[in-house]
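A.B. asks: this one's structure only:
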(Lines give C-alpha, C1' and ligand atoms only; values in the text may rest on other atoms or scores of the structure.)
Protein backbone atom coordinates (compact mmCIF):
# COMPACT_ATOMS: atom_id res chain seq x y z
CA UNK A 1 0.00 0.00 0.00
CA UNK A 2 1.36 3.38 -1.00
CA UNK A 3 0.89 6.04 1.65
CA UNK A 4 -0.19 9.34 0.03
CA UNK A 5 2.47 12.02 0.14
CA UNK A 6 1.91 14.85 2.59
CA UNK A 7 2.11 18.48 1.53
CA UNK A 8 2.23 21.55 3.76
CA UNK A 9 -0.68 22.96 1.72
CA UNK A 10 -2.88 20.30 3.32
CA UNK A 11 -2.30 21.54 6.87
CA UNK A 12 -4.77 24.44 6.89
CA UNK A 13 -7.82 22.62 5.43
CA UNK A 14 -7.08 19.48 7.45
CA UNK A 15 -6.97 21.56 10.63
CA UNK A 16 -10.22 23.30 9.69
CA UNK A 17 -12.00 19.96 9.13
CA UNK A 18 -10.58 18.51 12.33
CA UNK A 19 -11.56 21.54 14.40
CA UNK A 20 -15.13 21.72 13.07
CA UNK A 21 -15.54 17.98 13.69
CA UNK A 22 -14.26 18.18 17.25
CA UNK A 23 -15.95 21.48 18.08
CA UNK A 24 -19.38 20.55 16.73
CA UNK A 25 -19.19 17.10 18.35
CA UNK A 26 -18.52 18.64 21.77
CA UNK A 27 -21.41 21.07 21.34
CA UNK A 28 -23.81 18.40 20.03
CA UNK A 29 -23.18 15.76 22.66
CA UNK A 30 -23.37 18.26 25.52
CA UNK A 31 -26.61 19.68 24.07
CA UNK A 32 -28.25 16.23 24.10
CA UNK A 33 -26.76 15.14 27.43
CA UNK A 34 -29.53 14.21 29.86
CA UNK A 35 -26.98 14.14 32.67
CA UNK A 36 -25.88 17.75 32.19
CA UNK A 37 -29.46 18.90 31.67
CA UNK A 38 -30.61 17.13 34.85
CA UNK A 39 -28.07 19.11 36.88
CA UNK A 40 -29.57 22.37 35.63
CA UNK A 41 -33.08 21.12 36.32
CA UNK A 42 -32.20 20.03 39.85
CA UNK A 43 -30.64 23.41 40.55
CA UNK A 44 -33.15 25.77 38.88
CA UNK A 45 -36.32 23.71 38.49
CA UNK A 46 -37.64 22.03 35.35
CA UNK A 47 -38.75 25.04 33.32
CA UNK A 48 -35.97 27.48 34.22
CA UNK A 49 -33.40 24.66 34.24
CA UNK A 50 -34.24 23.79 30.62
CA UNK A 51 -33.94 27.45 29.69
CA UNK A 52 -30.56 27.94 31.32
CA UNK A 53 -29.31 24.68 29.86
CA UNK A 54 -30.27 25.83 26.35
CA UNK A 55 -28.55 29.19 26.80
CA UNK A 56 -25.44 27.45 28.11
CA UNK A 57 -25.25 25.18 25.06
CA UNK A 58 -25.47 28.17 22.72
CA UNK A 59 -22.55 29.89 24.46
CA UNK A 60 -20.68 26.59 24.45
CA UNK A 61 -21.30 26.22 20.71
CA UNK A 62 -20.01 29.72 20.07
CA UNK A 63 -16.74 28.78 21.78
CA UNK A 64 -16.21 25.20 20.57
CA UNK A 65 -17.48 25.65 17.00
CA UNK A 66 -16.01 29.07 16.26
CA UNK A 67 -13.93 31.03 18.75
CA UNK A 68 -11.52 28.37 20.04
CA UNK A 69 -10.95 26.80 16.59
CA UNK A 70 -10.22 30.28 15.21
CA UNK A 71 -7.64 30.95 17.90
CA UNK A 72 -5.94 27.60 17.26
CA UNK A 73 -5.94 28.03 13.49
CA UNK A 74 -4.54 31.57 13.72
CA UNK A 75 -1.75 30.47 16.07
CA UNK A 76 -0.79 27.42 13.99
CA UNK A 77 -1.02 28.98 10.51
CA UNK A 78 0.14 32.46 11.45
CA UNK A 79 -2.68 34.00 9.44
CA UNK A 80 -4.92 36.89 10.50
CA UNK A 81 -8.67 37.09 11.06
CA UNK A 82 -8.98 39.05 7.81
CA UNK A 83 -7.67 36.01 5.94
CA UNK A 84 -10.78 34.18 7.13
CA UNK A 85 -13.28 36.86 6.25
CA UNK A 86 -13.42 38.68 9.58
CA UNK A 87 -12.99 42.04 7.89
CA UNK A 88 -15.04 45.16 7.26
CA UNK A 89 -14.97 45.93 3.55
CA UNK A 90 -17.20 46.22 0.49
CA UNK A 91 -19.73 48.01 2.68
CA UNK A 92 -22.14 48.99 -0.09
CA UNK A 93 -22.39 45.51 -1.54
CA UNK A 94 -22.62 43.96 1.91
CA UNK A 95 -25.44 46.28 3.01
CA UNK A 96 -27.30 45.62 -0.26
CA UNK A 97 -27.16 41.86 0.35
CA UNK A 98 -28.21 42.19 4.00
CA UNK A 99 -31.09 44.54 3.19
CA UNK A 100 -32.27 42.55 0.18
CA UNK A 101 -32.29 39.21 1.95
CA UNK A 102 -33.88 40.74 5.07
CA UNK A 103 -36.79 41.92 2.89
CA UNK A 104 -37.37 38.29 1.96
CA UNK A 105 -36.62 36.62 5.30
CA UNK A 106 -38.65 38.84 7.64
CA UNK A 107 -42.03 38.59 5.83
CA UNK A 108 -41.44 34.87 5.23
CA UNK A 109 -40.81 34.27 8.94
CA UNK A 110 -43.76 36.43 9.92
CA UNK A 111 -46.21 34.18 8.11
CA UNK A 112 -44.34 30.92 8.76
CA UNK A 113 -44.14 31.62 12.50
CA UNK A 114 -47.92 31.39 12.81
CA UNK A 115 -47.96 27.76 11.69
CA UNK A 116 -48.65 25.10 14.30
CA UNK A 117 -45.62 23.10 13.17
CA UNK A 118 -43.34 26.06 13.80
CA UNK A 119 -44.89 26.94 17.16
CA UNK A 120 -44.44 23.36 18.33
CA UNK A 121 -40.68 23.93 18.30
CA UNK A 122 -40.10 27.69 18.40
CA UNK A 123 -39.27 29.62 20.48
CA UNK A 124 -36.79 26.98 21.66
CA UNK A 125 -37.20 28.30 25.19
CA UNK A 126 -40.59 26.93 26.22
CA UNK A 127 -41.39 29.14 29.22
CA UNK A 128 -44.89 30.56 29.33
CA UNK A 129 -44.03 33.95 30.86
CA UNK A 130 -41.09 35.96 29.53
CA UNK A 131 -39.50 38.96 31.20
CA UNK A 132 -37.79 41.58 29.04
CA UNK A 133 -34.47 40.37 30.45
CA UNK A 134 -35.25 36.83 29.26
CA UNK A 135 -36.09 38.10 25.79
CA UNK A 136 -32.79 40.03 25.64
CA UNK A 137 -30.78 37.09 27.00
CA UNK A 138 -32.31 34.66 24.53
CA UNK A 139 -31.62 37.03 21.64
CA UNK A 140 -28.02 37.60 22.76
CA UNK A 141 -27.39 33.86 23.13
CA UNK A 142 -28.54 33.44 19.52
CA UNK A 143 -26.16 36.20 18.39
CA UNK A 144 -23.23 34.62 20.24
CA UNK A 145 -23.96 31.14 18.87
CA UNK A 146 -24.39 32.34 15.29
CA UNK A 147 -21.16 34.32 15.42
CA UNK A 148 -19.26 31.14 16.29
CA UNK A 149 -21.25 29.25 13.66
CA UNK A 150 -20.53 31.67 10.83
CA UNK A 151 -16.93 32.14 11.95
CA UNK A 152 -16.42 28.42 11.38
CA UNK A 153 -18.52 27.69 8.29
CA UNK A 154 -18.28 30.82 6.18
CA UNK A 155 -14.96 31.82 7.74
CA UNK A 156 -12.42 29.18 8.73
CA UNK A 157 -13.77 26.22 6.76
CA UNK A 158 -14.54 28.10 3.54
CA UNK A 159 -11.41 30.23 3.30
CA UNK A 160 -9.18 27.30 4.31
CA UNK A 161 -10.47 25.01 1.56
CA UNK A 162 -10.78 27.41 -1.41
CA UNK A 163 -7.01 27.60 -2.11
CA UNK A 164 -6.74 23.79 -2.24
CA UNK A 165 -10.04 22.76 -3.85
CA UNK A 166 -11.12 25.82 -5.81
CA UNK A 167 -14.18 27.96 -5.18
CA UNK A 168 -17.06 25.75 -6.33
CA UNK A 169 -15.82 22.48 -4.79
CA UNK A 170 -15.21 24.37 -1.53
CA UNK A 171 -18.71 25.89 -1.67
CA UNK A 172 -20.43 22.54 -2.34
CA UNK A 173 -18.43 20.81 0.38
CA UNK A 174 -19.23 23.61 2.82
CA UNK A 175 -22.96 23.46 2.02
CA UNK A 176 -22.95 19.67 2.39
CA UNK A 177 -21.39 19.80 5.86
CA UNK A 178 -23.71 22.69 6.77
CA UNK A 179 -26.71 20.54 5.79
CA UNK A 180 -25.40 17.55 7.74
CA UNK A 181 -25.21 19.49 11.01
CA UNK A 182 -28.92 20.29 10.56
CA UNK A 183 -29.87 16.59 10.37
CA UNK A 184 -30.58 16.33 14.14
CA UNK A 185 -33.22 19.07 13.75
CA UNK A 186 -35.58 17.98 10.99
CA UNK A 187 -35.80 17.17 7.27
CA UNK A 188 -37.08 20.61 6.23
CA UNK A 189 -34.21 22.51 7.86
CA UNK A 190 -31.69 20.02 6.46
CA UNK A 191 -32.97 20.48 2.90
CA UNK A 192 -33.24 24.26 3.34
CA UNK A 193 -29.65 24.43 4.60
CA UNK A 194 -28.31 23.32 1.20
CA UNK A 195 -29.38 26.33 -0.93
CA UNK A 196 -28.87 28.70 2.00
CA UNK A 197 -25.36 27.34 2.52
CA UNK A 198 -24.49 27.81 -1.15
CA UNK A 199 -25.89 31.36 -1.21
CA UNK A 200 -24.08 32.41 1.98
CA UNK A 201 -20.79 30.98 0.69
CA UNK A 202 -21.15 32.81 -2.63
CA UNK A 203 -21.92 36.08 -0.83
CA UNK A 204 -18.97 35.58 1.51
CA UNK A 205 -16.52 34.98 -1.34
CA UNK A 206 -17.80 37.90 -3.43
CA UNK A 207 -17.71 40.35 -0.51
CA UNK A 208 -14.63 38.91 1.18
CA UNK A 209 -16.31 39.07 4.59
CA UNK A 210 -18.39 36.80 6.83
CA UNK A 211 -20.46 39.69 8.17
CA UNK A 212 -23.19 39.44 5.53
CA UNK A 213 -23.72 35.75 6.33
CA UNK A 214 -23.65 36.56 10.04
CA UNK A 215 -26.26 39.33 9.87
CA UNK A 216 -28.47 37.36 7.47
CA UNK A 217 -28.36 34.39 9.85
CA UNK A 218 -29.17 36.67 12.79
CA UNK A 219 -32.11 38.13 10.86
CA UNK A 220 -33.37 34.62 10.16
CA UNK A 221 -33.05 33.42 13.77
CA UNK A 222 -34.19 36.53 15.63
CA UNK A 223 -37.16 37.34 13.40
CA UNK A 224 -38.38 33.77 13.82
CA UNK A 225 -37.84 34.04 17.59
CA UNK A 226 -39.69 37.34 17.99
CA UNK A 227 -42.56 36.38 15.69
CA UNK A 228 -42.93 32.91 17.24
CA UNK A 229 -43.01 34.45 20.71
CA UNK A 230 -45.64 36.95 19.55
CA UNK A 231 -47.84 34.33 17.89
CA UNK A 232 -47.53 31.57 20.47
CA UNK A 233 -50.90 31.33 22.23
CA UNK A 234 -49.43 30.13 25.53
CA UNK A 235 -46.57 32.62 25.82
CA UNK A 236 -46.48 36.26 26.78
CA UNK A 237 -43.98 38.97 27.76
CA UNK A 238 -44.61 40.42 31.22
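C.D. replies: All right, it came through fine. What you see is a predicted model; the values in this text were computed from it and never measured.
A.B. asks: Let me see the contact set for the closest residue to residue 129 other than its chain neighbours.
C.D. replies: Nearest residue to residue 129 in three dimensions, chain neighbours excluded: residue 238, at 5.2 Å (CB to CB, 6 or more residues apart in numbering). All C-beta atoms are positioned from the backbone trio N, CA, C, and that covers glycine. Counting by CB atoms under 8 Å, 6 or more residues apart in numbering, residue 238 touches 129-131.
A.B. asks: And for residue 184?
C.D. replies: 28, 32.
A.B. asks: Got the phi and psi for it?
C.D. replies: Main-chain torsions, residue 184, degrees, to the nearest 10: phi -60, psi -20.
A.B. asks: got the buried residues for the helix or strand bottoming out on mean pLDDT in the chain?
C.D. replies: Here the helix or strand of the chain ranked lowest by mean pLDDT, DSSP states H and E is helix 116-119, holding a mean of 90. Within helix 116-119, the residues that qualify as buried are 118-119, counting by 16 or more other CB atoms under 10 Å.
A.B. asks: so how far is it from its chain's centroid?
C.D. replies: Chain-centre distance of helix 116-119: 21 Å, with CA atoms, centre = their mean, to the nearest Å.
A.B. asks: May I see the buried residues of the helix or strand hosting residue 56?
C.D. replies: According to DSSP states H and E, residue 56 maps onto helix 46-61. For helix 46-61, burial by neighbour count (16+ other CB under 10 Å) applies to 49-58, 60-61.
A.B. asks: Quick one: these as JSON lines, columns for distance to residue 4 and pLDDT too.
C.D. replies: What follows is those, written out as JSON lines (distance: CB to CB, whole Å; pLDDT from 0 to 100):
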{"residue": "49", "distance to residue 4": "49", "pLDDT": "97"}
{"residue": "50", "distance to residue 4": "47", "pLDDT": "96"}
{"residue": "51", "distance to residue 4": "49", "pLDDT": "97"}
{"residue": "52", "distance to residue 4": "47", "pLDDT": "97"}
{"residue": "53", "distance to residue 4": "43", "pLDDT": "98"}
{"residue": "54", "distance to residue 4": "43", "pLDDT": "97"}
{"residue": "55", "distance to residue 4": "44", "pLDDT": "98"}
{"residue": "56", "distance to residue 4": "41", "pLDDT": "98"}
{"residue": "57", "distance to residue 4": "38", "pLDDT": "98"}
{"residue": "58", "distance to residue 4": "39", "pLDDT": "98"}
{"residue": "60", "distance to residue 4": "35", "pLDDT": "98"}
{"residue": "61", "distance to residue 4": "33", "pLDDT": "97"}
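A.B. asks: And the contacts of stretch 60-76?
C.D. replies: Here stretch 60-76 has contacts from 11-12, 15-16, 19-20, 22-24, 26-27, 30-31, 79-81, 84, 144-145, 147-152, 155-156, 160, using CB under 8 Å, 6+ apart.
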